[in-house]
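# Compute the structure for the input listed below.
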Amino acid sequence: MDYYYGLVLFICCWIPGFGKLPAPINVTMDSFNFKNTLRWTQPADLEGDVIYIVEYKIDIPSNRVAYKRICITHEQQCHSSVITYRSYVRVKARKYSDESDWVTIHFDPYEETIIGAPDVTVSSRSGHLDVSFKGPLVGAELESLKMKYGELIYRVLYWKESDPAHVLNVSTSQSQDTLRDLEAWTVYCVKVRAYVPEYNKSGEFSPAICKETTNNESRKPSAPINVTMESFNFRNTLRWKKPDDLEGDVIYIVEYKMYVTLLFYMEHAPLICMEATNSSIFNIL
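Numbering: from 1, shown residues only. Down below sits the predicted model:
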């Protein structure tokens, strides 16, 4: 009996892997604008009160670099925005005194993070479109993307709203640009994304913004609409409605002229039409 008890104790304590937990699976790092989250899946045969430990170390050629702990959690994810350089990241499961093997992945936020869309504003001026953009802001401390990568280019795509298949583009390293040589009184749509030349990496496009161009002159105001004359017992009132696109301090000018047509027959005489303004006097030529 003592022999079998000793054998079981030996197996439990000395044979490697006995009682070891299954390791987390599907370990991936999600990263958007340098905000990182390590995610994994709990194995189907791992149940009960399980905690996970997440650590990382920077990927540099040195034996003195040790792993640093990020999370001890019951969840199947760990916010890892503390990682700002290429690193090794690992996770393991623990249940009471039992542990799994580490699962390690390599992660480089500069290459793998998804770059979001910049904030874009578009304004119409003298036949041009002025486009300005900023961001996106990245990381836990909301740094500028240019501070992260150094060189940053904005790629601007624009097209006529009526002809979306014909897309033009310009690139700039500045925070604004002016789209010129546009057709007057035409609606153009604009979208912008950031591009990092060093990593040949493009960000997401901003939503399209559509604006109408003007020209170098002031635009003729829209005419009044629904113009009608109300008349009761020869008391007349002209009424109209203001167009939807007409704003600000607007005045209206009302004029009239009398239009009279006289029809009569004279032997060997033509049909005569005569017009007078603000007068009821007509002369027959």
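
# okay, now the closest residue to residue 73 other than its chain neighbours: neighbour count?
Distances taken as Cβ to Cβ, 6 or more residues apart in numbering put residue 52 closest to residue 73, at 5.6 Å, once the chain neighbours are dropped. For every residue, glycine as well, the C-beta is placed using N, CA and C. Other residues within reach of residue 52, judged by other Cβ atoms under 10 Å, total 21.

# hang on, isn't residue 52 packed against residue 77?
No. Using Cβ atoms under 8 Å, residue 52 makes no contact with residue 77, being 9.0 Å away.

# Can you pull the domain assignment for the chain?
Residue ranges of the domains in the chain are recorded as 2-112, 119-212, 221-285, according to automatic domain parsing.

# so where do the helices sit in the stretch 1-150 of the chain?
2-14, 109-112, 145-149 (DSSP state H, counting those that start in this stretch).

# Going by mean pLDDT, which of the ones you listed comes out lowest?
The minimum mean pLDDT among these belongs to helix 2-14 (a mean of 45).

# Point out where the protein drops to low pLDDT.
The chain contains residues with pLDDT under 70 at 1-19, 139-141, 216-221, 245-249, 258-285.

# Strands of the stretch 1-150 of the chain, start to end?
Along the stretch 1-150 of the chain, the stretches classed as strands by DSSP state E, counting those that start in this stretch are 25-32, 35-41, 51-58, 68-73, 77-79, 87-95, 98-99, 103-107, 119-125, 128-134, 137-138, 143-144.

# element containing the residue nearest the centre of the chain, please.
For the chain, the residue nearest the mean C-alpha position is residue 206 (3.3 Å; Cα atoms, centre = their mean). Secondary-structure assignment from DSSP states H and E places residue 206 in no helical or strand segment.

# can you check the one 5 residues further on too?
When elements are assigned from DSSP H and E, residue 211 belongs to strand 209-212.

# Check which helices and strands that strand sits against.
Counting contacts by 3 or more Cβ pairs under 8 Å, 6 or more residues apart in numbering; DSSP states H and E, strand 209-212 is packed against strand 119-125, strand 187-196.

# Out of the ones you listed, which one sits most buried?
Counting by mean count of other Cβ atoms under 10 Å, strand 187-196 has the highest mean neighbour count of those, with a mean of 20.

# Counting neighbours, what do you get for the closest residue to residue 78 other than its chain neighbours?
Sequence neighbours aside, residue 71 is the residue nearest to residue 78 in space, at 3.7 Å (criterion: Cβ to Cβ, 6+ apart). By other Cβ under 10 Å, 17 other residues sit near residue 71.

# wait, isn't residue 71 in contact with residue 51?
No. Taking Cβ under 8 Å as the definition, residue 71 is not a contact partner of residue 51, at 9.6 Å.

# nearest to residue 59, of the helices and strands packed on strand 209-212?
strand 187-196 (19.9 Å; Cβ to Cβ).

# gap between the closest one and the chain center?
Here the centre of strand 187-196 is set off from its chain's centre by 10 Å, with Cα atoms, centre = their mean, to the nearest Å.

# picking that back up, need the overlap of contacts for residue 52 and residue 77.
The overlap between the contact sets of residue 52 and residue 77 (Cβ atoms under 8 Å, 6 or more residues apart in numbering) consists of residue 40.

# coming back round to it: beta partners of the residue nearest to residue 78?
Residues in a beta bridge with residue 71, per DSSP bridges, are residue 54.

# Contacts only, for it.
Taking Cβ under 8 Å, 6+ apart, we find residue 71 in contact with 38, 52, 53, 54, 78, 79, 80.

# Go ahead and confirm the third one touches residue 91.
Yes. Taking contacts as Cβ under 8 Å, residue 53 lies within contact range of residue 91: 6.8 Å.
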